[in-house]
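**Q** Requesting a structural model of the entry that follows:
(chains A, B, C and D)
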Number of protein chains: 4
Amino acid sequence: MKFKINSTLSYHVISPTTFFFNILATNSKNQKVLSENLVLSEGIEYHEYSFLNEDTRFFKIHVAQEQLFTINYEATVAVNTIEFHQDLLMELMPIQDLDTAVLPYLHPSRHCESDKLFYFASNEFGHYANNYLKVEAINNWIFDSVAYCPGSTNSSTSANDIFFTRIGVCKDFAHLGIALCRALDIPARYFTAYASNLTPPDIHACFEAYLGGEWIVFDPTKLSSKNGLVKIAHAKDASEIAVASYFGNAICTYMDIQCEMLSAPEPAV
Amino acid sequence: MKFKINSTLSYHVISPTTFFFNILATNSKNQKVLSENLVLSEGIEYHEYSFLNEDTRFFKIHVAQEQLFTINYEATVAVNTIEFHQDLLMELMPIQDLDTAVLPYLHPSRHCESDKLFYFASNEFGHYANNYLKVEAINNWIFDSVAYCPGSTNSSTSANDIFFTRIGVCKDFAHLGIALCRALDIPARYFTAYASNLTPPDIHACFEAYLGGEWIVFDPTKLSSKNGLVKIAHAKDASEIAVASYFGNAICTYMDIQCEMLSAPEPAV
Amino acid sequence: MKFKINSTLSYHVISPTTFFFNILATNSKNQKVLSENLVLSEGIEYHEYSFLNEDTRFFKIHVAQEQLFTINYEATVAVNTIEFHQDLLMELMPIQDLDTAVLPYLHPSRHCESDKLFYFASNEFGHYANNYLKVEAINNWIFDSVAYCPGSTNSSTSANDIFFTRIGVCKDFAHLGIALCRALDIPARYFTAYASNLTPPDIHACFEAYLGGEWIVFDPTKLSSKNGLVKIAHAKDASEIAVASYFGNAICTYMDIQCEMLSAPEPAV
Amino acid sequence: MKFKINSTLSYHVISPTTFFFNILATNSKNQKVLSENLVLSEGIEYHEYSFLNEDTRFFKIHVAQEQLFTINYEATVAVNTIEFHQDLLMELMPIQDLDTAVLPYLHPSRHCESDKLFYFASNEFGHYANNYLKVEAINNWIFDSVAYCPGSTNSSTSANDIFFTRIGVCKDFAHLGIALCRALDIPARYFTAYASNLTPPDIHACFEAYLGGEWIVFDPTKLSSKNGLVKIAHAKDASEIAVASYFGNAICTYMDIQCEMLSAPEPAV
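**A** Model prediction:
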């Protein structure tokens, strides 16, 4: 199916500031950017680059003096409808057989202190028969246990923080999901995306768990619709793929994120 | 019923050290010290005093030079068998009707950061019909969720720490119980006692919740037997009534705690 | 010298709420309330009580239905000018000679996790020749190291939090001072007061250290003027003497705190 | 100059366990492994792989049943003596000119919560004229402020933990250095190495800061000698390049690390 993305961000730059944005839709096995257009305020240039993994697209902007500037990103993206067979997802994946590229996602990271959640995760989810059932139970448990409340957390909030407070936003839900998976030795990573039918519209965060040899998306907020996501990036957690990180002095003054599904999902056969 | 207590503690004092002990059985409405004897190594003197509440008995020792010293405390204590009627415990106690002496036990304390557990406590236990049922659910939840493991924590460990790690000893179980009660606006306090039939024998920690106008003991470790406790003290948490706190340089080299029930509990009528 | 206090607080009560206020000036050895008047919105009653120590005056209000209500507290208070001789303050106070009423202020508390600051406090302040010089160094170090920023913290913030972030308000500065003193085995407690010449006017928080047998006030914010404080209360930390704690659902809609010095300090002889 | 490495590690495997080791010396621009030999207990196989960056060499072992096993790694490694001109290191490196491969080392990571140390780092080190002087000041400050004590921390300990406790081992010193650099927008990364003349011999951890276009090693423990390190790996922090991480149930029963300098450093011209 196809999606139309239209993102606008405005900043008031107070002193010289370097920005790194991670808002471009990725190209991957199951997703193709058909067309895109990035328009910046006059006189501002950007430099696109990748790192972490080749699919992730960043761009850098340096604003040398005080000014207002606006970024507009429009894209049309085709995304394959994917149906996984639960039987395959439930296949055992012993650690020693994991692809080495997957191993980093077993370790704790800044916002996912899985090393501190071992006992809880084992007691609460350790008895399920396989990793798929464990992740599904984690996802449901987060949805049931954590209140979704815009503005309740900040960029320093980690999985352990909301494990206490039980309140957060999509990135926090995702971080907790990742931390609980890794505590059970299930590879898990952070996933950002445009999401159709999200209210209010925003860049969304979910998590992916590595099950049966595939990275499977889970959304513990249950706010996004199945097959309604346009992937931007994945990483160990939000510290690596912030929507915008900046060095200098600037204030975000406006943000409008639109993601519209242009064609209905095709029926799975 | 009657209990016979016999506690021996030995210390190697390396440099001049002041000790404060809280190991003497308390006298209260339901407990009476029938006889007691405190014997210290020759040349060591102690000074008994109370604070916090008049029932709590501390004694102070100053050891001026390097030496080994031993404390032996023997006591015979009568404890009333208490039976509470659940109907009374389930009576509502609006905050505005609480005795003012009870109010401090609503606030967070060093080891019971109840202010950080509000959402969890509300979601997990808020739906029970009254405070008695809430505390009972908290007590069972701790027993089910936290592993008892000697040596797993230290004197800095707090309720929030074991809320993560899910492993601790009796004082940690008690602190978590207190924190969860206070998070629900139920007064709760820390409670130390000699416990008959405890394996291994040690000074035990439980918690008390204020229900129906009475302080009711809960033991989330479920290690002590009903009506098998000889109370030493209560306080906001362990920071106020450590078994031994000392200022100087000394090492505890030996500890033997015995508490034997001399007479069987009388049947409740 | 004399002070005139005039405090007004307004609340929008949304559902039945019980309030506990700690805003009445205390009577103590060095301070006398000459006259006072507490006026509440019509139909609201208050009940005054003390606990913790007899000098501390709380009052309780229960508001049974949605409404706006306002408290106005006016008082005239005489405060003795106190001058301490540094020689006396520098006298050694061995732990074993401390009054037992002072001992609780050696222990960590909710907002003053002194047990975690032992190494830092020893390294940074341990070399000063006596407790007075240590506390003075702590006070200056906090003033130099922590940024004062209204709104930067909340009621859960503790000494350890601002030891990291190095930003806070008067209560946080006080908590850090207390934690560092206790880490060095110096008794220290939290102290709230009306302060003349404070900008903006507010109820102020400082800390007291026990030196030479006296509780000496230190203000690491350096915002209050010497002998310009009218004491409200002291306690282990803010968790025990919040200006207002309430159980229910209410919003503070207005707060105006005035403290005017009516007579100049008399010259110390 | 040349180094001879000889590492032996033994494990008691209790149940099937997969190990990932990061103990092989790296090949890089300034370091060449001249010869090496990895010997494992009979019947144990290893699989070498790289990730994170091509220089970093891991190997994987799966032990399928209870047994004792031993790894011995011998290598001869040539390392260039490097001398940096302070003038070059002091050159300004604006964020917008940084190589994109360096950018990940600006972000917080599991053990280096730089986002929480911003105010402290700015106040304490922000006034130095350039990044080189800032990092040098950080390195000296850690050496002066933190006590080195074997066994004082564990694998969950982070920079923020020892910022409080002021006690740790080499990995903790390195993590704190990294966190403080990143808090000042200076790229910094974790660095493991064999170190000649280290007492007791062990795999050592330092940190590298990116200065004047080069990664410069700093050792806040001041235990290693200049030009006495044989690099194993670098990463965001220890969570990514643990000496050994294992999944299963095993106990390390023996560890012997030797690193001998075979030839003296050549004089810098």
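**Q** And what about A:Leu180, helix, strand or coil?
**A** Following DSSP: H, G, I helix; E, B strand; the rest coil, we place A:Leu180 in the helix state.
**Q** State the number of residues packed around it.
**A** Residues lying near A:Leu180 (other Cβ atoms under 10 Å in any protein chain shown) number 30. Quick note: C-beta positions are derived from backbone N, CA and C, even for glycine.
**Q** Next: A:Ser225.
**A** 14.
**Q** isn't it right up against A:Asn197?
**A** Yes. Using Cβ atoms under 8 Å, A:Ser225 is in contact with A:Asn197, at 5.3 Å.
**Q** Which neighbouring elements make contact with the helix or strand of chain A with the lowest mean pLDDT?
**A** Counting by mean pLDDT, DSSP states H and E, chain A has its least confident helix or strand at helix A:86-89, which shows a mean of 84. Judged by 3 or more Cβ pairs under 8 Å, 6 or more residues apart in numbering or on different chains; DSSP states H and E, helix A:86-89 is in contact with strand A:214-218.
**Q** quick one: average pLDDT of the strand it packs on?
**A** Strand A:214-218 carries an average pLDDT of 94.
**Q** outside of the least confident helix or strand of chain A, which residues touch it?
**A** Residues outside helix A:86-89 that contact it (Cβ atoms under 8 Å, 6 or more residues apart in numbering or on different chains): A:Tyr132, A:Leu211, A:Gly212, A:Gly213, A:Glu214, A:Ile216.
**Q** Any of these buried? List them.
**A** A:Tyr132, A:Leu211, A:Gly212, A:Ile216 (16 or more other Cβ atoms under 10 Å in any protein chain shown).
**Q** and the second one, bridged to which residues?
**A** In other words, A:Leu211. Applying DSSP bridges to A:Leu211 gives these bridge partners: A:Glu214.
**Q** My guess is it contacts A:Asn131. True?
**A** Yes. Assessed by Cβ under 8 Å, A:Leu211 is found in contact with A:Asn131 at 5.6 Å.
**Q** shared neighbours, the two?
**A** What both A:Leu211 and A:Asn131 touch, as defined by Cβ under 8 Å, 6+ apart, is the set A:Met90, A:Met93, A:Ile186.
**Q** Export those residues to a markdown table and append columns for neighbour count, distance to B:Thr17 and pLDDT.
**A** Formatted as a markdown table, these follow (neighbours: other Cβ atoms under 10 Å in any protein chain shown; distance: Cβ to Cβ, whole Å; pLDDT from 0 to 100):
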| residue | neighbour count | distance to B:Thr17 | pLDDT |
| --- | --- | --- | --- |
| A:Met90 | 14 | 61 | 85 |
| A:Met93 | 19 | 57 | 85 |
| A:Ile186 | 24 | 50 | 97 |
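**Q** tell me which of these is nearest to chain B?
**A** A:Ile186 (18.5 Å; Cβ to the nearest Cβ).
**Q** Pretty sure the closest one sits in a strand.
**A** No. Read with three-state DSSP, A:Ile186 is coil and lies in no strand.
**Q** picking that back up, could you redo the contacts of helix A:86-89 as a markdown table and give each row distance to D:Val230?
**A** Shown next, in a markdown table, are these (distance: Cβ to Cβ, whole Å):
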| residue | distance to D:Val230 |
| --- | --- |
| A:Tyr132 | 44 |
| A:Leu211 | 40 |
| A:Gly212 | 41 |
| A:Gly213 | 37 |
| A:Glu214 | 40 |
| A:Ile216 | 42 |
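**Q** of all those residues, which two lie farthest apart?
**A** Taking Cβ to Cβ as the measure, the contacts of helix A:86-89 span a maximum distance of 11.9 Å, between A:Tyr132 and A:Gly213.
**Q** Let me see the ranges of the helices in the stretch 101-250 of chain A.
**A** Ranges of helices in the stretch 101-250 of chain A, per DSSP state H, counting those that start in this stretch, are A:118-125, A:131-145, A:159-165, A:170-183.
**Q** how about the nearest residue to the residue in the stretch 151-269 of chain A positioned nearest to chain B, chain neighbours excluded?
**A** Residue nearest to chain B within the stretch 151-269 of chain A: A:Arg166 (3.7 Å; Cβ to the nearest Cβ). Excluding the flanking residues, the one nearest A:Arg166 by Cβ to Cβ, 6 or more residues apart in numbering or on different chains is B:Tyr119, at 3.7 Å.
**Q** I'd say that neighbour and A:Ala147 touch.
**A** Yes. Using Cβ under 8 Å, B:Tyr119 makes contact with A:Ala147 at a distance of 6.3 Å.
**Q** Neighbour count for the two, which is higher?
**A** Under the criterion of other Cβ under 10 Å, the comparison of B:Tyr119 against A:Ala147 puts B:Tyr119 first, with 21 against 13.
**Q** can you pull the contacts of that one?
**A** B:Tyr119 neighbours (Cβ under 8 Å, 6+ apart): A:Ala147, A:Thr165, A:Arg166, A:Ile167.
**Q** hmm, 6 Å instead?
**A** Applying Cβ atoms under 6 Å, 6 or more residues apart in numbering or on different chains, one finds that B:Tyr119 lies in contact with A:Thr165, A:Arg166, A:Ile167.
**Q** By neighbours, which of those wins?
**A** A:Thr165 (21 neighbours).
**Q** residues in contact with that residue?
**A** So A:Thr165 contacts B:Tyr119 (Cβ under 6 Å, 6+ apart).
**Q** hmm, 8 Å instead?
**A** Going by Cβ under 8 Å, 6+ apart, the list of residues near A:Thr165 reads A:Ser152, B:Lys116, B:Phe118, B:Tyr119, B:Phe120.
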